[in-house]
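S.K.: next input, structure requested:
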Amino acid sequence: MKTKLITVLLIIVTPLLYAQRVLKTELPNISNAKLLCAVTKENASGYFYFSYALVNGVGNTGVIDDFRIDVTRGANTKDIDTVGLRFFNKYDDYMISSNRRAYQKWYGKITPVGFPLLPNRYWVGDLENNYMLAWFSTDTLDVLPGDTLRDFIMMSKGLPGLRNCRIEPLFFSGQYILSEDEDTIKTQVLPRFHSGNIDSVEASLAVNLMVVGPISPPLFFDPIICCDMLTSYTTQSRALGWINNTRDDDCENDENAEDGIVKNLDKRLGKVRDFITSKKFDKAQQQLEKFLNKVEKLWKRNQKEEEKNKKNPKIIFSSEAYALLKYNGEYLSQQIPGKK
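M.R.: Have a look, this model is predicted:
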């Protein structure tokens, strides 16, 4: 009799203990994920190379297996050809043909990009079939919490601009179920879930942020609009933490160090704009040259800071801010008259 009683109690208690254990299971968290970007230009071909580093921050619990970058073509922008685009592993015919088919499907609707280098052969760069996104993904070597994976390189003739990016953790939806009366997740021994809710749960796990990526140049160039765009890039770079509005130690005679980096950049662009408006293009070019020189000095200052304090460098002027202001500033200089 005692044996039967013990058996019954085990049958009752064991599932309760298991349920208590599995209810503590957490969804993968990658809230501290980042995608860093540095840009270089190949002058002979006109191609920009966007080099990304995927950071899965310390404290995250999920592993990262893909990220996507918006490459839609904006309204009233130039159509860019695909001549010279390269793809990682030129012998991978499937990868090349997949991208070529995507370009045919989205012709005129995207800023064309290539994927000349990836971290390893387990990562793929492609255009997502149903959306106009550059998609980097893997099924083998995920990025673990605390790790950084580099050498995701995307090439394009599009100018560096601000793009939406989505980073996603590895997530097996079949392991989770949404309860009938609340939006909590419960792990089940047998996979089952409400398909109507699981998509929103999966979307909530992703990290959405702004990164530097290619944008198609304007179809009809307006130097005032371009100048205003540069000013907006300084403002947004400050908001995104790419420019530290600290004391400006790289001043010209008409600048004030105490005004800070952003204000002095904006004041210089304001002078460029004023001279363009009054059609004094030679003077506009002179001011633009001073602006570009300051951008170079700030970037070198940032590199020195990184070299000096490798473990925890203070961001003064990041590679993203440098890419936005340098290459768009040069583009403006090339488009307006005056001495260069």
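
S.K.: show me the shaky parts of the stretch 201-340 of the chain.
M.R.: Per-residue confidence for the stretch 201-340 of the chain (pLDDT under 70) gives these ranges: 339-340.

S.K.: the same query, at a cut-off of 80, please.
M.R.: 201-202, 310-313, 338-340 (pLDDT under 80).

S.K.: and the helices in it?
M.R.: Using DSSP state H, counting those that start in this stretch, the helices found in the stretch 201-340 of the chain span residues 223-239, 261-277, 281-308, 319-335.

S.K.: residue closest to the middle of the protein?
M.R.: Centroid-nearest residue in the chain: Val211, 3.0 Å away (criterion: C-alpha atoms, centre = their mean).

S.K.: could you find the closest non-adjacent residue to that residue?
M.R.: Cys165 (4.3 Å; C-beta to C-beta, 6 or more residues apart in numbering). Backbone N, C-alpha and C define where each C-beta goes, glycine included.

S.K.: A strand includes the one you found, no?
M.R.: Yes - under DSSP: H, G, I helix; E, B strand; the rest coil, Cys165 falls within a strand.

S.K.: could we number from 22 for the rest of this?
M.R.: Renumbered: residue one is now 22, and that last one reads Cys186.

S.K.: how far away is it from Thr103?
M.R.: 22 Å (C-beta to C-beta, to the nearest Å).

S.K.: higher neighbour count, these two?
M.R.: Remark: of Cys186 and Thr103, Cys186 carries more neighbours, 23 against 14, as counted by other C-beta atoms under 10 Å.

S.K.: and the gap between the closest residue to Tyr348 other than its chain neighbours and Leu309?
M.R.: Nearest residue to Tyr348, sequence neighbours excluded (C-beta to C-beta, 6+ apart): Pro181, at 5.2 Å. Computed as C-beta to C-beta, the Pro181 to Leu309 distance reads 17 Å.

S.K.: ok, now which ones touch Ile51?
M.R.: 77-78, 81-83, 85, 188-190, 226-228 (C-beta atoms under 8 Å, 6 or more residues apart in numbering).

S.K.: just the buried ones from those residues?
M.R.: By neighbour count, with 16 or more other C-beta atoms under 10 Å, those hold 77-78, 81, 83, 85, 188-190, 226-228 as buried.

S.K.: looking at those, which is nearest Glu149?
M.R.: Nearest to Glu149 among the buried ones among the contacts of Ile51 is Glu189, at 12.0 Å by C-beta to C-beta.

S.K.: show me where this protein has strands.
M.R.: 54-63, 68-77, 85-91, 135-138, 144-148, 154-159, 169-177, 180-190, 197-199, 206-208, 228-236 (DSSP state E).

S.K.: list the contacts of the third one.
M.R.: Read it as strand 85-91. Strand 85-91 is touched from outside by 51, 54, 56, 75, 77, 149, 152-160, 163-164, 175, 184-191, 232, 234, with contacts defined as C-beta under 8 Å, 6+ apart.

S.K.: PyMOL command to pick out the buried ones of those?
M.R.: Those of the contacts of strand 85-91 that count as buried under 16+ other C-beta under 10 Å are selected in PyMOL with:
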select buried, resi 51+54+56+75+77+153+154+155+156+157+159+163+164+175+184+186+187+188+189+190+191+232+234
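
S.K.: just to revisit the earlier point, which one among the contacts of Ile51 gets closest to Glu328?
M.R.: Checking the contacts of Ile51 against Glu328 by C-beta to C-beta gives Gly78 as the nearest, at 22.9 Å.

S.K.: circling back to that earlier point, list the beta-bridge partners for the residue nearest to Tyr348.
M.R.: Pro181 forms beta bridges with Pro235, as assigned by DSSP bridges.

S.K.: what sits against it?
M.R.: Residues counted as contacts of Pro181 (C-beta under 8 Å, 6+ apart) are 60, 69, 71, 233-236, 344-345, 348-349.

S.K.: which of those residues sit farthest apart?
M.R.: Across the contacts of Pro181, the two lying at the largest distance from each other (C-beta to C-beta) are Phe71 and Asn349, at 14.1 Å.

S.K.: the more surrounded of these two?
M.R.: Shown here are Phe71 and Asn349; by other C-beta under 10 Å, Phe71 has more neighbours (24 against 20).

S.K.: confirm for me that Thr255 is in contact with Leu286.
M.R.: Yes - using C-beta atoms under 8 Å, Thr255 is in contact with Leu286, at 4.9 Å.

S.K.: what is in contact with the two at once?
M.R.: Common neighbours of Thr255 and Leu286 (criterion: C-beta under 8 Å, 6+ apart): Leu346.

S.K.: out of those two, which sits in the more crowded spot?
M.R.: Neighbour totals were compared for Thr255 and Leu286, and Leu286 leads with 29 against 24 (other C-beta under 10 Å).

S.K.: just checking, that one touches Phe312?
M.R.: Yes - the pair Leu286 and Phe312 passes the contact test of C-beta under 8 Å, sitting 7.0 Å apart.
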